[in-house]
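# Sequence and predicted structure, then a few things I'm wondering about:
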Amino acid sequence: MGAIKSAMGDAVLTAMWVFCASTLGAATSVIATAIGVQGMPALFITTVLVFILVSIFGIIGDALGGASFNPTGTAAFYAAGVGGDSLYSMALRFPAQAAGAVGGALAIVEVMPMQYKHLLGGPSLKVDLNTGALVEGVLTFIITFAVLFIVLKGPRSPLLKTWLISIATVVMIVTGSSYTGPSMNPANAFGWAYVNHRHNTWEQFYVYWICPFVGAILAALVFRTAFPQPVKQKKA
């Protein structure tokens, strides 16, 4: 029953995340235009918005019993030996996250004002298949390792942790923008692929599912090797 509850929480949280995160481009544009800035100042605005969003969703995720909106994050913490999941629970959570992402993507398409709909669409492959797969895998490896380090070995302040994660996320998004979008989140990629009728393609499975999972799990294994957990002493 616990695994089913986790899956339900993931579906709700992922739907909310895809809906809200998809407004970041429009929100940045509106704020940047209002104060008359562009370039790096606009990226700072995006980073602040990501920080606010991640902070809020951290609270909501905790309220939903540790819900997650990114399958690679769930897999990475499991592979790093710090997650509370099992293979069974992840087998339920991943489809639930994908389904939630579809709901969030469909919802934001319906309510987004027409003048900002061109900012929607989700990640898309802008290079050849193998290059895109490599980029998505490498970016997911980097962001996963960064998140593991920040969460488990970083500063004690939750706000500082969230700020560092937000910076890392925006840097990875900018880096991968001319390659794969990027996604670094298979559920988010699937949600938008479904909306755009590309969810059952080899490109979607290879670039946005296989390679991100490989990158995330490799990052977790490298982290686990670099920062082994102390062995618990058995009581006599």
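It's in.

# how close does Gly81 get to Trp192?
Distance of Gly81 to Trp192, given as C-beta to C-beta, to the nearest Å: 32 Å. In this view, the C-beta of every residue, glycine as well, is placed from N, C-alpha and C.

# Have a look at those two and say which one is more surrounded.
Trp192 (27 against 12; other C-beta atoms under 10 Å).

# show me what contacts that one?
Val18, Ala101, Ala105, Gly121, Gly122, Pro123 (C-beta atoms under 8 Å, 6 or more residues apart in numbering).

# let's see it at 6 Å
Ala105, Gly122 (C-beta atoms under 6 Å, 6 or more residues apart in numbering).

# same check, this time on Trp17
Phe57, Phe69.

# Grab the CA positions of the host helix or strand of it and hand them over as CSV.
Trp17 is part of helix 2-21, with elements assigned from DSSP states H and E. C-alpha atoms of helix 2-21 as CSV (Å, rounded to 0.1, in the frame of the first residue of the first chain):
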residue,chain,number,x,y,z
GLY,A,2,2.9,2.3,0.7
ALA,A,3,4.2,2.0,-2.8
ILE,A,4,0.8,2.7,-4.3
LYS,A,5,0.5,5.9,-2.1
SER,A,6,4.0,7.0,-3.2
ALA,A,7,3.0,6.4,-6.9
MET,A,8,-0.2,8.5,-6.4
GLY,A,9,1.8,11.3,-4.7
ASP,A,10,4.3,11.2,-7.6
ALA,A,11,1.5,11.5,-10.2
VAL,A,12,0.0,14.5,-8.5
LEU,A,13,3.3,16.2,-7.9
THR,A,14,4.6,15.6,-11.4
ALA,A,15,1.5,17.0,-12.9
MET,A,16,1.8,20.1,-10.8
TRP,A,17,5.6,20.4,-11.6
VAL,A,18,5.2,20.1,-15.4
PHE,A,19,2.3,22.6,-15.3
CYS,A,20,4.2,25.2,-13.2
ALA,A,21,7.7,24.7,-14.7
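
# ok, now which ones touch Ile108?
So Ile108 contacts Phe19, Ser22 (C-beta under 6 Å, 6+ apart).

# which stretches of the protein have low pLDDT?
1, 230-236 (pLDDT under 70).

# could you redo the last one with a cut-off of 90?
For the chain, residues meeting the criterion pLDDT under 90 lie at 1-3, 36-40, 65, 81-87, 115-122, 198, 228-236.

# where do the helices sit along it?
2-21, 24-35, 40-63, 71-79, 87-111, 129-153, 158-176, 186-195, 202-205, 211-226 (DSSP state H).

# Next, the buried residues of the second one.
Residues Leu24, Gly25, Ala26, Ala27, Thr28, Ser29, Ile31, Ala32 are the ones in helix 24-35 that count as buried (16 or more other C-beta atoms under 10 Å).

# go on, the shortest one?
Applying a neighbour-count criterion of 16+ other C-beta under 10 Å, one finds Gln204 buried in helix 202-205.

# Give me the contacts around it.
Leu125, Ala193, Arg198.

# which among those end up buried?
Leu125, Ala193, Arg198.

# With Gly36 as the reference, measure out to the last one.
In this case it means Arg198. With C-beta to C-beta as the criterion, Arg198 and Gly36 are 37 Å apart.

# Disregarding flanking residues, what is the spatial nearest neighbour of Pro158?
Using C-beta to C-beta, 6 or more residues apart in numbering and skipping the chain neighbours, the partner closest in space to Pro158 is Gly58 (7.8 Å).
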